[in-house]
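Chemist: using only what follows, build the 3D model:
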Amino acid sequence: MVLSKKKGYRTERKIKLMFERDGWRVVRAGASLGEADLVCIKNKKCILLQVKSSREKTFYYYGYMKKKLEGFPFYLVVDFGYGRIRILYPKQKIKVNDGSALKEFLLKN
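Modeler: Okay, the predicted model is just below:
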């Protein structure tokens, strides 16, 4: 497996486990080349996640850019490392303090 694919898999798995610990049912779209990497379901609510990681302080995203996909909320999750995981609606330029901390998001949802 190519190093970047391994890194992507590890990041997706980490986010999946964080959601599952919070009571979500999570399905991973393995080797997905589509918009959503994870489908998360809890209390009759479904959200779709695209998961990315970066060691830089700014991440540039060029994927799906709408707040909903097929009527479901669509979020971008960026793991900047060292526990700095951010969740937000997609936009092209993401900085380490954009959106919400993933732990805060999970507490609210």
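Chemist: from Phe80, how far out is Glu12?
Modeler: 15 Å (Cβ to Cβ, to the nearest Å). Where you see a C-beta, it was placed from the backbone N, CA and C, and this is true even at glycine.
Chemist: cool, and Lys66?
Modeler: In terms of Cβ to Cβ, Lys66 sits 23 Å off from Phe80.
Chemist: between Glu12 and Phe80, which one's more packed in?
Modeler: Glu12 (24 against 20; other Cβ atoms under 10 Å).
Chemist: can you tell me the SS state at that one?
Modeler: Under DSSP: H, G, I helix; E, B strand; the rest coil, Glu12 falls in the helix class.
Chemist: name the nearest residue to it, sequence neighbours excluded.
Modeler: Spatial nearest neighbour of Glu12, chain neighbours left out: Val51 (4.8 Å); criterion: Cβ to Cβ, 6 or more residues apart in numbering.
Chemist: tell me if I'm right that the one you found and Arg10 touch.
Modeler: No: with contact defined as Cβ atoms under 8 Å, Val51 does not count as touching Arg10 (10.2 Å).
Chemist: tell me which of those two has more neighbours.
Modeler: Val51 (24 against 12).
Chemist: give me the element the more buried one is part of.
Modeler: strand 45-53 (DSSP states H and E).
Chemist: next structured bit after that strand?
Modeler: That would be, after strand 45-53 and using DSSP H and E, strand 58-60.
Chemist: pull up the pairing partners for the next helix or strand after that next one, direction included.
Modeler: Once strand 58-60 ends, the next helix or strand along the chain (criterion: DSSP H and E) is strand 68-69. Under the criterion DSSP bridges, strand 68-69 sits next to strand 72-79 (antiparallel) in its sheet.
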